[in-house]
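Q: Task: produce atomic coordinates for the following.
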Amino acid sequence: MFDRLASLMAGISQLFDRLFGLLAGLFRPLRPLFDRASAATRPLRERWHAFYDKREPREKLLLRLAGSLLGILFVYNFIYMPISDLGSGLDDLIDARRRDLIEIKGLMQSYDSLNRRMSSAQSRTLAGGPNFSLFSVLEQTLTTTAGRDRIGSINPSQKPVAGGFQQYSVDIKLTGISLQQIVDTLYGVQSLSMPITVSHLEIHEQAQNRHSFDVDMTCTALGKDASAGH
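A: Numbers count the residues shown, from 1 in each chain. Coordinates of the predicted model:
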């Protein structure tokens, strides 16, 4: 049994000799420092060798075993663990950079989506300008679909919105029209060559005639502000 342990310790000792040889090559620029440390510890090492030479074979084996265990602990705590921690730190850094890259790609996709939506919205804007009148366009359509006598009121308004645009709105009240006229009116507004949206619609049945309806609706359109470039 002791022969096997002795052989094992000899193998471990050779392994450490090779390891320390590699470390010595790695830290060759620090050789002068190691030489001074070796000279400073020479008396202690000589006393240790004198003590070791006086031990019995079994005691020498136990001492080598203890020394090997201490060497393993030293390598694990001062070499393996720092390298392992360094590797873990690099993995964490790589993961963080990967998450940043994914987030940046997501932001770029969001930007592209918003840019496409903006381009689509701009393509659906009116030319606008001081001579544009959404009121006139809708009045002609309502006269055709519902009849001039059914137009209770038609009130235009406009206001500036962000991006150098004007929002044109027309509040419309229609009275005593049939369901077919409501359908024709909505279809007529949506069929216009310019992009107009019915942003509000209320339909009320008349008490005295269930086949007649009063309609409140708001039509809006987005146009370019002719004064924005001045």
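Q: rest of the way, CA atoms for contacts and neighbours
A: Will do.
Q: what's the burial count for T175?
A: 19 (other CA atoms under 10 Å).
Q: Could you do A50 as well?
A: So A50, with other CA under 10 Å, has 10 neighbours.
Q: Please work out the average pLDDT along the strand or helix carrying it.
A: Counting by DSSP states H and E, the element that carries A50 is helix 31-53. The pLDDT scores in helix 31-53 average 73.
Q: Just name whatever secondary elements the helix or strand where K173 lies is in contact with.
A: Under the criterion of DSSP H and E, K173 resides in strand 165-177. In this structure, strand 165-177 packs against helix 134-145, strand 151-161, strand 213-224, with contacts taken as 3 or more CA pairs under 8 Å, 6 or more residues apart in numbering; DSSP states H and E.
Q: Quickly run through the sheet partners of it, with directions.
A: Strand 165-177 has these partner strands in its sheet, going by DSSP bridges: strand 151-161 (antiparallel), strand 213-224 (antiparallel).
Q: domain ranges for this structure?
A: Using automatic domain parsing, the domain parsing of the chain gives 2-99, 134-224.
Q: lowest average confidence, helix or strand, in the protein?
A: Of all the helices and strands that make up the chain, helix 2-26 has the lowest average by mean pLDDT, DSSP states H and E, namely a mean of 56.
Q: ok, and for the following helix or strand past the helix holding A50, which residues are buried?
A: Using DSSP H and E, the next helix or strand after helix 31-53 towards the C-terminus is helix 57-75. Neighbour-count burial for helix 57-75, counted by 16 or more other CA atoms under 10 Å, picks out L61, L62, R64, L65, S68.
Q: tell me the pLDDT at M194?
A: pLDDT, M194: 78.
Q: Pull the number of nearby residues for it.
A: That count, for M194 with other CA under 10 Å as the rule, works out to 16.
Q: Please renumber the chain so that the first residue is 42 from this point on.
A: Let's use 42 as the start, then, which means that last one is M235.
Q: Ramachandran angles for it?
A: phi -100, psi 150 (degrees, to the nearest 10).
Q: now it: how far from D257?
A: Using CA to CA, to the nearest Å, M235 is found at 21 Å from D257.
Q: Contacts only, for I143.
A: Applying CA atoms under 8 Å, 6 or more residues apart in numbering to I143 gives no contacts.
Q: thinking again about what came up before, so which of the strands paired with strand 206-218 is the most surrounded?
A: strand 254-265 (a mean of 20; mean count of other CA atoms under 10 Å).
Q: what's that strand in contact with?
A: Against strand 254-265 from outside (CA under 8 Å, 6+ apart): 165-170, 205-220, 236-247.
Q: same question, stretch 174-188
A: 189, 192, 195-197, 209-211, 215, 218, 222-223, 225-226, 229-230.
Q: Return the closest of these with respect to E97.
A: Y209 (106.6 Å; CA to CA).
Q: do you know how far the closest residue to K265 other than its chain neighbours is from L263?
A: Distances taken as CA to CA, 6 or more residues apart in numbering put F206 closest to K265, at 4.5 Å, once the chain neighbours are dropped. From F206 across to L263, the span is 7 Å (CA to CA).
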